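Asks: Please work out how this folds:
(2 chains, ligands or ions: 1)
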Amino acid sequence: MSHQTGVSDESGELLTQLRDSVRQVIEGTGLLGAEDHIWKPSVELGWLLNAVPEELDGLGLGNTGTHAIHLELGKGLSGAPYLPATLAIDALCQSTLSDKSSWLERLTGGELVTAPLADGDLTLDDSQNLDGTLTAVQSADIASHVLAWTNNAEQLLIIALDQSGLEWQERKTWDETRRFYDVNLNALPLAKQTRLAQGSQAKDIVTRLLAQRDFALAADAVGGATALLAMTVDHLQTRVQFRRPLAMFQALKHRCADMKALTAASEAMLFDALHSAAPEQKATAAKHLACTSFAKVAEESLQLHGGIGMAAEHPCHLFLKRALLNVHLGRGGDMYEQLIAEAFLTGT
Amino acid sequence: MTAETETLRAETRAWLSRNTPAEWRQAMTNAEQERFVEVQKDWFGKLVEAGYATPHWPEGWPGGGRSLAEQKVIFEEVARADAPRLILYFVALYHAACTLFECGSDAQRDKYLPGILKGEIWCQGFSEPNAGSDLASLKTRAERKGDKYIINGQKTWSTMAQYADRCLLLARTDKSGVPQAGLTYLLLDMKSKGVSVRPISQITGDDEFAEIFFDDVEVSIDDRVGEEGAGWAVAQATLASERGLTLVELTQRMRYGLSMLAQTMKDQQRTSDSAILRDLGALIPKVDAACALADQYLQKRISDTEQAGDASIVKLYYAQTLREFVALGQRISGLEGQYHAGFMRGATQETGNWTLDFMNSYNWSIAGGSNEIQRNIIAERMLGMPREPKNWQLAEGQS
Ligand SMILES: Cc1cc2nc3c(=O)[nH]c(=O)nc-3n(C[C@H](O)[C@H](O)[C@H](O)COP(=O)(O)OP(=O)(O)OC[C@H]3O[C@@H](n4cnc5c(N)ncnc54)[C@H](O)[C@@H]3O)c2cc1C
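Replies: Numbering: from 1, shown residues only, chains lettered A, B, ... in the order given. Next up is the predicted model:
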C-alpha cells in the first residue's frame, strides 16, 4: 500500500496511466478543447470505466480515479460531459437493475446518460406521474437519457429524453466552457421510466450521488485553480513594467502565495476527504472550500492580469466564469455554509 | 482506519481519561509560575512514561517510530481529551530534538535526548532586537578560543527562556562574506556563568517570552551542531520542524476547538442566527483543510519527499485560519468576551476566552517567520518568482 494514494501499488500505476492519458488529450486539444475532442477519448481510452467495480469489468479505481480525471479535465476547462456521465454510471453500478450489464455496456461505450449538476425540482403525484424541472443538465442535446431523482429521493430513475411530456431547452450560462439545459417533465408516467432504485435504497444511492457530485466539482475547481495560478505566475514573470518583471513586486508575490496556499489547502482537504473512513460526510466541506477558493483565485488572477484579463481573446475570463458557476452548482452555493454548520452543530 | 490504529486509539483514550489533569484550565488561569511549572512537569512526566510525548521521534527512541496514522491518532486523542499543551517542553520536544535528529552527531543525541525525556527545558535563541525577519543579520558573537566559543550579545522573544536549562543558539562566528555564511549553531547551557534572563510581559498579562543576555559565556566546541559557518542550514531544520511538524498537533487542537465555538453559540443563544451559522460553515472546511495540510506535510517528511516551501504553506494557512477562528469566537462572545478573564498558562489558542485567544493567535502569524515571510518563501521557492532587488542604501546615520 502506498499511503499517498491510499490504493495498492498496482492500481496506483493504473491511476498514473489514466492521469497521463487525460493530460495528453488535454495538451492535444489545448484549453477549451472542443467537447467531442475530449468526450470521444473518454470513451475510447476507458476513462468512463475507472469507477466501475472490477466485478462489472471496470477498473475499480473508485473515488481516487474519478478525482484524478476530474482534476485534469478541470485544468483544461473541459466541456465534455464526463461528470454527469460518471454519476449515471455510478448510479447504475449501485442499482439492482436486472439488465444492469447491458446498460453499463451502452454507457461505457459512448451512449451518454447525462445528469443534473444542480438540485432541481421533481415530484411524483398521486397518479404516479412525474412533474418538475431538472436543472443544469449538461450536454442534454447529445444524450439519450437523463439520470433523475425525486425531491424526497425515493425514486431514482433513468429517463429517456425523447418522449412526450418531456422538453428540454438550452440555458446559456456566462460560463462558455460547458452547455447546460433545463429538462421539463410534465405528467410523465413513472411506469414508463427505467427505475434504478426506490425507497430507502434510492435514498442511499442519492446521498452517495450528491457526495460524488460534490467531490467531482471540487476536483474540477482544484484543477482549474492550479492551471490558472500557473498561468498568472507566468504572466507576471513575463510582463515588464517599471523596467522589471511584475513578479518582482512583493505586493503581487504575496497574493500569489496566498493563492498557492488556498489551492494547496483545497487539494489536501479533498484528498483527505476522499480517503477518509466516511467520505460522504466531508463532501460538502470539500466542495465548498475548493469552489470558493477557485473563485477567489480567479478573481485575483484577473486583477493581476490587468487589461488583458478583460479581453475576450485571453483565457482568464473563462476560468473566472467557470469558477463562479462552480460555486453555485451542486447543492446551491449559498446553501453549503449552512449545511456544513448545521451538520456540525447536530454532531456536537 | 485499520484495526491496530483503532486499538491504539482506544488505549490512548482510556489512558488519557485516567491521567489528564482535572480542572487544569481553572488551575492555570492567572496561575503562579511555580504552579505552572509543577503542572507541566507532572503532565510531561506522565506522557513520556506512557510514550505519548514523542510520537514524532524516529524509530529507536522512546515513544518514537510511529506512522502518520498513529501520530494522528495520538494527537487527535490528546486534543479530544482537552489535555494541557506541553508549552514548557515545546522547544525541547520539537525544535531541539528534530534538529539533533537531522543535524546532530550521535554523541550529541546520546548526550541531550535522554535529558529531554527527563524533563530538561530548552529555549530557542535566534531572534535579536535588530534581527527578526532578517534573521541572518544577527550579531551575537561566538569567538573561538581553543576548544571553546566565547559568546557575547543579546537574544530576545525567546519563549520560556526564564525556565530553560538549555538554549539553541544561533551566533555569528564570521562577519565577512554573506551574512548567512558566518553563522554557527550551538547548544548552550543556560546555567553557565554570564547568562542572564529577563522575562518580557506580554499583551495577555502572561510572560511567555524573555530576553537573554550573554556576557563572555563559554560553550564547548563539542556542543556545536554541524560545522562552523553552517549554522544557517541547521537553523532551517529547526524552523521546518517549528513551521510544519508542530502543526499536526495544533491543527487537531483547533478542530476540537470548534466545539468551543459551538458552546459559545449556545451560551450566547446564537445557534439559529444564520449569519453566524454561515461564518461557522465557511470556517469548518478551512479547519479541516489545515488538518489535512499538516498531515500531508508529515507524510512528506516520513517519505522524504518534502520540498522547499511545504512547511510555509502549512504554517501560513494555519495562521490565517486560526485568526478567522478566534475572530469568530470573539465576535460571537460579544460584550461577555470583553470582560477581563485573565490569562491561562499552558493553553493553546483554544481556551474559549476569546479575546485572550485572539491576542494569542498572533503567535502564529508573527513567530517562527511571519506570514509575510512565509509568503516570500512560497512565492520565491515554490512559484519561482524573483527576489527583491538588493541595492538599497540606508540614509546617513541609519544602521
Ligand atoms: C509569541 C512569540 C514567541 C516567539 N518565540 C521566539 C523564540 O522562542 N525564539 C526566537 O528566537 N524568536 C522568537 N520569536 C521571535 C519571532 O521569530 C520574531 O518576532 C519574528 O521573526 C518577526 O521578527 P520581528 O519581531 O523583529 O519583526 P520584524 O521583522 O521587524 O517585522 C515587522 C513586520 O514587518 C514585516 N516584514 C519584515 N520583513 C519583511 C519582508 N522582507 N517582506 C515583507 N514584510 C516584512 C513582518 O512580517 C512584520 O509584519 C517569538 C515571537 C513571538 C511573537
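Asks: Could you tell me how many residues sit around the one residue in chain B that gets nearest to the ligand?
Replies: At 1.6 Å from the ligand, B:Gly132 is the closest residue in chain B, using CB to the nearest ligand atom. Where C-beta positions appear, they are placed from N, C-alpha and C, glycine not excepted. Other residues near B:Gly132 number 18, with proximity taken as other CB atoms under 10 Å in any protein chain shown.
Asks: and it, what does it touch?
Replies: With contacts defined as CB atoms under 8 Å, 6 or more residues apart in numbering or on different chains, B:Gly132 is in contact with B:Trp157.
Asks: looking at this, B:Val197 is in a helix?
Replies: No: assessed with DSSP: H, G, I helix; E, B strand; the rest coil, B:Val197 is strand; it does not lie in a helix.
Asks: wait, what's in contact with residue 103?
Replies: Just going to use chain A. Applying CB under 8 Å, 6+ apart, the residues near A:Trp103 are A:Leu92, A:Leu97, A:Ile158, A:Thr194.
Asks: wrong one, chain B
Replies: Under the criterion of CB under 8 Å, 6+ apart, the neighbours of B:Cys103 are B:Tyr185, B:Val225, B:Gly226, B:Ala233, B:Val234, B:Ala237.
Asks: Test my guess that the first one contacts B:Ala235.
Replies: Yes: counting by CB atoms under 8 Å, B:Tyr185 touches B:Ala235, with 6.3 Å between them.
Asks: who touches both of these two?
Replies: With the criterion set as CB under 8 Å, 6+ apart, the overlap between the contacts of B:Tyr185 and B:Ala235 is B:Leu170.
Asks: Show me which of those two is the more surrounded one.
Replies: The neighbour count for B:Tyr185 versus B:Ala235, taken as other CB under 10 Å, is higher for B:Tyr185 (28 against 25).
Asks: And the more buried one, which helix or strand is it part of?
Replies: strand B:183-189 (DSSP states H and E).
Asks: For that strand, give me every contacting residue.
Replies: Looking at what lies outside strand B:183-189 - CB under 8 Å, 6+ apart - the contacts are B:99, B:103, B:108, B:112, B:125, B:136, B:138, B:142, B:149, B:151, B:165-173, B:195, B:217, B:219, B:223-226, B:228-232, B:234-235.
Asks: Drop anything exposed from those.
Replies: Buried subset of the contacts of strand B:183-189 (neighbour count, 16 or more other CB atoms under 10 Å in any protein chain shown): B:99, B:103, B:108, B:112, B:125, B:136, B:138, B:142, B:149, B:151, B:166-173, B:195, B:217, B:219, B:223-226, B:228-232, B:234-235.
Asks: looking only at pLDDT, what's the mean for stretch A:326-338?
Replies: When pLDDT is averaged along stretch A:326-338, the result is 91.
Asks: What's the local residue count around B:Arg35?
Replies: Neighbour number of B:Arg35 under other CB under 10 Å is 12.
Asks: Span of stretch B:360-371 from start to end?
Replies: Taking CA to CA, to the nearest Å, stretch B:360-371 runs 15 Å from one end to the other.
Asks: ditto for stretch B:297-310
Replies: 7 Å.
Asks: is that stretch up against chain A anywhere?
Replies: Yes: counting by CB under 8 Å from any CB of the partner chain, chain A is contacted by stretch B:297-310 at B:Gln299, B:Ser303.
Asks: Flag every buried residue along that stretch.
Replies: So for stretch B:297-310, counting by 16+ other CB under 10 Å, buried means B:Tyr297, B:Leu298, B:Gln299, B:Lys300, B:Arg301, B:Ile302, B:Glu306, B:Gly309, B:Asp310.
Asks: isn't the second one right up against B:Gln71?
Replies: Yes: distance between B:Leu298 and B:Gln71: 6.7 Å, which falls inside the contact criterion (CB under 8 Å).
Asks: Next, show the common contact partners of the two.
Replies: Listed as contacting both B:Leu298 and B:Gln71 by CB under 8 Å, 6+ apart are B:His56, B:Val248.
Asks: pLDDT score for residue 95?
Replies: Looking at chain A here, since you left the chain open. Confidence for A:Ser95, expressed as pLDDT, is 95.
Asks: oops, chain B please
Replies: Spelled out, the predicted local distance difference test score at B:His95 is 96.
Asks: burial of it, as a residue count?
Replies: Other residues near B:His95 number 25, with proximity taken as other CB under 10 Å.
Asks: What segments of the stretch 201-348 of chain A are helices?
Replies: Ranges of helices within the stretch 201-348 of chain A are A:250-274, A:283-305, A:316-328, A:333-347, based on DSSP state H, counting those that start in this stretch.
Asks: Figure out which of the ones you listed is closest to the ligand.
Replies: The minimum distance between the ligand and the helices of the stretch 201-348 of chain A falls on helix A:250-274, with 5.9 Å, by CB to the nearest ligand atom.
Asks: quick one: the closest one near chain B?
Replies: Yes: contact check for helix A:250-274 against chain B, using CB under 8 Å from any CB: residues in range are A:250, A:253-254, A:256-258, A:260-262, A:264-266, A:268-269, A:271-273.
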